[in-house]
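K.L.:
Have a look; sequence and predicted model below, questions after that.
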Amino acid sequence: MTSPIVQVPRMTKNFRTQDSAVLDRISFELYPETIYGLIGRNGAGKTTPLTALTNQITTDTGTSIELFGDQGFSSAALSKTHLMRTGQTYSDDTRVLHVLRMAAIAYPNWDADLAGEIVEEFNIPLKLKAKKLSDGQKSALGIAVALASRAELTLMDEPYTGLDPVARQKFYDLVLRDFTESPRTFVISTHLVDEIAPLLNHIILLDQGKIALDAPADDAGYLAHEITGSNDAVSVYISRNGLGDSVSTKRTLSGRSQALIAAELTDERARCASTLGVDASPVSLQNLVAAYNHTAERQDQQ
């Protein structure tokens with residue numbers, strides 16, 4: 001059985017400026033050659049675990065993160081890891097070519113040809129000062145470094161800032177091509193869920209500092225479901241299956257109801273729906289996120 005390259009036990013992080021924990025005892029593992037989507041709305045806490053994995057912040061937990069079998073963030077472990085941060089800043093005199101040269105020194109598996117290809121693809125002038133790049137160009141430069149690093153653990157925090165839809169599609173195509181050519185572990189934090197869904201092998205959904213879901217992407221759609229039918233049939237379905245607390249949204253029009261439910265579409269529930277004349281179907285990744293987020297919000301308000 002394949003061993004995880006990252007093990008995070010009960011990670012907690014508080015900041016003095018916030019009333020509640022950014023991360024509240026979250027635990028997860030990352031495995032080799034997998035593309036993870038770290039999904040959640042803005043403010044869900046997605047950046048914090050990424051910076052913790054690269055030892056850029058300390059957590060408030062007594063247990064240690066294990067990175068490539070190491071619990072002390074050794075230089076050997078960190079050299080296998082790269083984090084592309086949103087809003088990366090550069091010193092006044094740093095030019096694009098300097099960024100690429102420094103990355104070539106930092107990463108033993110650096111692919112200069114790939115970096116050059118991406119810089120050219122996104123029309124980034126090599127001699128331009130990096131701080132003068134547009135937001136989209138800064139993101140593209142970050143993408144070039146992240147992919148060309150060929151780091152075994154490549155972390156990308158909202159990597160598409162400032163990129164238009166066409167440029168974002170280029171990014172997705174680049175990740176998929178590079179993963180095929182050089183399989184490794186990617187963790188991509190995002191709130192553009194449906195756009196990135198075709199890339200993902202696994203999703204980790206963060207909501208209000210906790211992990212709401214941690215599941216293979218192929219199974220994720222069945223972890224919530226949508227039902228449609230007559231008002232009475234939908235109400236009976238929800239009652240019979242004990243799903244009252246799992247109803248995320250419910251809309252009623254002209255005697256028919258449609259409900260989004262943050263619960264797995266099991267075979268038993270599918271049979272129940274069929275018996276009642278209710279249509280039940282798995283959901284898109286975007287609706288899966290909406291289902292669990294809305295349900296969590298309502299439970300917090302109770």
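P.N.:
That came through, no problem.
K.L.:
Look up which helix or strand the nearest residue to D279 once chain neighbours are set aside falls in, please.
P.N.:
Nearest non-adjacent residue to D279, counting by C-beta to C-beta, 6 or more residues apart in numbering: T228, 4.5 Å away. All C-beta spots, glycine's among them, are computed from the backbone N, C-alpha and C. For T228, the element it lies in under DSSP states H and E is strand 225-230.
K.L.:
for G43, same thing?
P.N.:
Applying DSSP H and E, one finds G43 in no helix or strand.
K.L.:
so how far is P159 from it?
P.N.:
Applying C-beta to C-beta, to the nearest Å, the value for G43 to P159 is 18 Å.
K.L.:
Please say which of the two ends up with more neighbours.
P.N.:
Set G43 next to P159 and count neighbours by other C-beta atoms under 10 Å: P159 wins out with 23 against 13.
K.L.:
re earlier: run through the neighbouring helices and strands of the strand holding T228.
P.N.:
helix 231-240, strand 256-261, helix 267-276, strand 279-282 (3 or more C-beta pairs under 8 Å, 6 or more residues apart in numbering; DSSP states H and E).
K.L.:
how about 6 Å then?
P.N.:
strand 256-261, strand 279-282 (3 or more C-beta pairs under 6 Å, 6 or more residues apart in numbering; DSSP states H and E).
K.L.:
Check which residues of the last one are buried.
P.N.:
Put plainly, it is strand 279-282. Buried residues in strand 279-282, defined by neighbour count with 16 or more other C-beta atoms under 10 Å: A280, P282.
K.L.:
so how far is stretch 207-218 from its chain's centroid?
P.N.:
Relative to its chain's centre, stretch 207-218 lies at 9 Å (C-alpha atoms, centre = their mean, to the nearest Å).
K.L.:
I'd like to know which of the helices and strands packed on strand 225-230 is closest to L176.
P.N.:
Of all the helices and strands packed on strand 225-230, strand 279-282 sits nearest to L176, with 23.3 Å by C-beta to C-beta.
K.L.:
list the helices and strands the closest one packs on?
P.N.:
By 3+ C-beta pairs under 6 Å, 6+ apart, strand 279-282 packs against strand 225-230.
K.L.:
how big is the angle separating the strand it packs on from helix 231-240?
P.N.:
140 degrees (axes from the mean of the first three to the mean of the last three C-alpha atoms, to 10 degrees).
K.L.:
circling back to that earlier point, what pairs with the strand holding T228, parallel or antiparallel?
P.N.:
Sheet pairing for strand 225-230, assigned by DSSP bridges, gives strand 256-261 (antiparallel), strand 279-282 (antiparallel).
K.L.:
Let me have these in a markdown table, extended by distance to L50 and mean pLDDT.
P.N.:
Shown next, in a markdown table, are these (distance: least, C-beta to C-beta, whole Å; pLDDT from 0 to 100):
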| stretch | distance to L50 | mean pLDDT |
| --- | --- | --- |
| strand 256-261 | 29 | 95 |
| strand 279-282 | 29 | 95 |
